[in-house]
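> Build me a model:
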Amino acid sequence: MTVTVTDDEDPTVSAAANIAANTSYDGTGNCDVTVAVPDAINADNCSGVSLAWAMTGAITDNDNGQVGTYTFPIGTTTITYTATDASNRTATSSLTVTVTDDEDPTVAASGNVTANTSDDGTGDCTVDIAITDATFADNCTGSSIAYAMTGATTVASTNGQVGTATFEIGTTTITYTVTDGASRTATSTMTVVVTDDEDPTLSAANNITANTSDDGTGDCTVDIAITDATFADNCSGSALAYVMTGATTGSGNGQVGTASFTKGTTTITYTVTDASNRTATESMTVTVTDDEDPSITTVAGTVTLDLDANGSVTVVLSDVFDSAADNCTASGDIVTALDQTYTFDCDDVGVTQTISMTSEDEAGNTTTVTKDVEIADNIAPTASVVATYDVYLDASGAASVAFTDIDNGS
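Sure, this is the predicted structure:
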């Protein structure tokens, strides 16, 4: 007879506990880690048990025996052990190996950049700059780079490199962010400093000449509407100011507009200052001439001049002149004189004589007026006769006497 004994008992197998590891455990710079996997424990009621394993998940592989030391990529790998006994009865057990990327990516922005608005041509308040690419790396593949700009120039987060961009004056900070496949990040910044190196432009109006009488007579000034200066700059924020020197002094912000100018030459110097404190200056002159004649007041009433004892009289200024006035020159500085020497004698008695006089102000303006005078003889004559004078009758018994016969120097 035969007795057939069948093995109806499954083998046993027990995998080690689940394993968690980081890529940096065996050193940095790669996207995997070498792990020594503890041996699975297997047994059977009969001899002849064999062990095999298979990996699925982050990596796939299989082999017989124990796993031993093995290099795992990031992610979760499931190791399934299968124990097979001589009767082909099997048992399985599994464990997981979870590898995490714990290494940050690296990023390095290029060096800080300084530039001027004129580097790409004049006339605007920006400059186009080709930004050197940032360099970045990671122990694993799948990293991406993005940048954002803050400060003078703003750009929301944008993927990729900056490349060539337009920058405003001032300081712009470019912040790069690299994100790897594990969502780990690294940042690096650089600055772009743009300076406005372009002076503003300024043009004053043409020089002006004017007369005191242009806005009416009677004063030594003239109101003039000054044509606006023109100014510009490549950037906004310029301010205009002016200073007056010379005959008229003053200063102010903005345009001069209409102002009162004194006789003489006034220089208006404009200065435009832009937002970067760069300046430009331009000047013009306003020359005001006194074109108004002085006025003369003569002595009031009738002027009578008496002959002297010698029967002569010479007119002096005070005989006919009272005062002079002018819009600019002080009365005491106005020069007034008779136009000629006027001398009269007995032949001029009772005849109206016209006296001419002229006043001249400091600007050389003159006025001539006349004043009539009367010449009078108010000195009574004197009579002188001889003490005695003999008169002889002629044959007819008559005689005659002439004035000259008895005059003794009347």
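
> going forward, measure contacts between C-alpha atoms and count neighbours the same way
Will do.

> For this structure, give me the ranges with low pLDDT.
Across the chain, the ranges flagged by pLDDT under 70 are 382-387, 389-391, 393, 397, 399, 401-403, 405-410.

> Now the spatially most central residue of it, what are its backbone angles?
In the chain, the centroid-proximal residue (C-alpha atoms, centre = their mean) is residue 274; its distance is 1.4 Å. Residue 274 has phi and psi values of phi -90, psi -180 when expressed as degrees, to the nearest 10.

> The chain should start at 30 in everything you say after this.
With 30 as the first residue, the last one maps to residue 303.

> ok, it to residue 311 distance?
If you measure residue 303 against residue 311 using C-alpha to C-alpha, to the nearest Å, the figure is 15 Å.

> With residue 396 instead?
Per C-alpha to C-alpha, residue 396 is found 41 Å from residue 311.

> now residue 358
33 Å.

> With residue 369 instead?
52 Å.

> So those two - more neighbours on which side?
Each of residue 369 and residue 311 has its neighbours counted (other C-alpha atoms under 10 Å); residue 311 has more, 16 against 10.

> helix, strand or coil for the closest residue to residue 256 other than its chain neighbours?
Distance criterion C-alpha to C-alpha, 6 or more residues apart in numbering; nearest residue to residue 256, sequence neighbours excluded, is residue 234 at 5.9 Å. Using DSSP: H, G, I helix; E, B strand; the rest coil, the structure places residue 234 in coil.

> Can you list phi and psi of residue 234 for me?
phi -70, psi 170.

> Contacts only, for it.
255-258, 313 (C-alpha atoms under 8 Å, 6 or more residues apart in numbering).

> doesn't residue 262 make contact with the residue nearest to the centre of the chain?
Yes - counting by C-alpha atoms under 8 Å, residue 262 is a contact partner of residue 303 at 7.0 Å.

> what touches both of the two?
Common contact partners of residue 303 and residue 262 (C-alpha under 8 Å, 6+ apart): 228-229.

> quick one on the thing from earlier: please name the nearest non-neighbouring residue to the residue nearest to the centre of the chain.
Leaving aside its sequence neighbours, residue 303 sits nearest to residue 267 (C-alpha to C-alpha, 6+ apart; 4.0 Å).

> Could you do residue 39 as well?
residue 118 (5.4 Å).

> Which strand or helix spans the closest residue in space to residue 91 that isn't next to it in sequence?
Ranked by C-alpha to C-alpha, 6+ apart and with sequence neighbours excluded, the top spatial neighbour of residue 91 is residue 83, at 4.0 Å. Residue 83 belongs to strand 79-86 when elements are defined using DSSP states H and E.

> Pull up the pairing partners for that strand, direction included.
The sheet places strand 79-86 alongside strand 90-93 (antiparallel), strand 104-113 (antiparallel), with pairing taken from DSSP bridges.

> Quickly compare these and say which is most buried.
strand 104-113 (a mean of 22; mean count of other C-alpha atoms under 10 Å).

> contacts for the very next helix or strand once past that one?
Scanning forward in sequence from strand 104-113 by DSSP H and E, the next helix or strand is strand 119-129. Applying C-alpha under 8 Å, 6+ apart, the contact partners of strand 119-129 are 39-52, 61-62, 101-113.

> can you check stretch 77-95 too?
Under C-alpha under 8 Å, 6+ apart, the answer for stretch 77-95 is 40, 68-69, 71-72, 96, 101-115.

> go on, stretch 392-400?
By C-alpha under 8 Å, 6+ apart, stretch 392-400 touches 318-325, 327, 349, 383-389.

> Can you flag which of those residues belong to helices?
residue 349 (DSSP state H).

> Which of the contacts of stretch 392-400 fall within strands?
318, 324-325, 327, 383-389 (DSSP state E).

> Could you export those as CSV, including distance to residue 217 and neighbour count?
Formatted as CSV, the ones in strands among the contacts of stretch 392-400 follow (distance: C-alpha to C-alpha, whole Å; neighbours: other C-alpha atoms under 10 Å):
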residue, distance to residue 217, neighbour count
318, 70, 19
324, 86, 19
325, 89, 21
327, 95, 17
383, 103, 12
384, 101, 19
385, 97, 18
386, 94, 19
387, 90, 19
388, 87, 24
389, 84, 21
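
> closest to residue 288 among these?
Comparing the ones in strands among the contacts of stretch 392-400 against residue 288 with C-alpha to C-alpha picks out residue 318 as the nearest, at 15.8 Å.

> okay, now the residue nearest to that closest one when sequence neighbours are not counted: neighbour count?
Excluding the flanking residues, the one nearest residue 318 by C-alpha to C-alpha, 6+ apart is residue 240, at 4.7 Å. By other C-alpha under 10 Å, the residues close to residue 240 number 20.

> can you tell me which two in the ones in strands among the contacts of stretch 392-400 are farthest apart?
Maximum distance among those (C-alpha to C-alpha): 33.3 Å, for 318 and 383.

> can you map out the helices along the stretch 230-379 of the chain?
346-349 (DSSP state H, counting those that start in this stretch).

> what about residue 409, how many residues close to it?
7.

> same check, this time on residue 286
Count around residue 286 with other C-alpha under 10 Å applied: 11.

> how near is it to residue 253?
From residue 286 to residue 253 the distance is 8 Å (C-alpha to C-alpha).

> Go ahead and confirm residue 379 touches residue 403.
Yes - between residue 379 and residue 403 there is a contact under C-alpha under 8 Å: 6.5 Å.

> The two: which is more packed in?
In this view residue 379 and residue 403 are compared by other C-alpha under 10 Å, and residue 403 has more residues nearby, 16 against 13.

> from memory the more buried one sits against residue 384, does it?
No - when contacts are counted by C-alpha under 8 Å, residue 403 is not listed as touching residue 384 (10.5 Å).

> Let me see the domain layout of this structure.
Domain segmentation of the chain under automatic domain parsing yields 41-129, 135-224, 230-318, 322-439.

> Dump those to TSV, plus distance to residue 34.
Converted to TSV, the domains of the chain look like this (distance: least, C-alpha to C-alpha, whole Å):
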stretch	distance to residue 34
domain 41-129	11
domain 135-224	57
domain 230-318	102
domain 322-439	148
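
> With respect to residue 33, which of these lies nearest?
domain 41-129 (13.5 Å).

> now the strands for the stretch 30-179 of the chain?
41-43, 48-51, 61-66, 70-72, 79-86, 90-93, 97-102, 104-113, 119-129, 135-137, 142-145, 155-159, 164-166, 173-180 (DSSP state E, counting those that start in this stretch).
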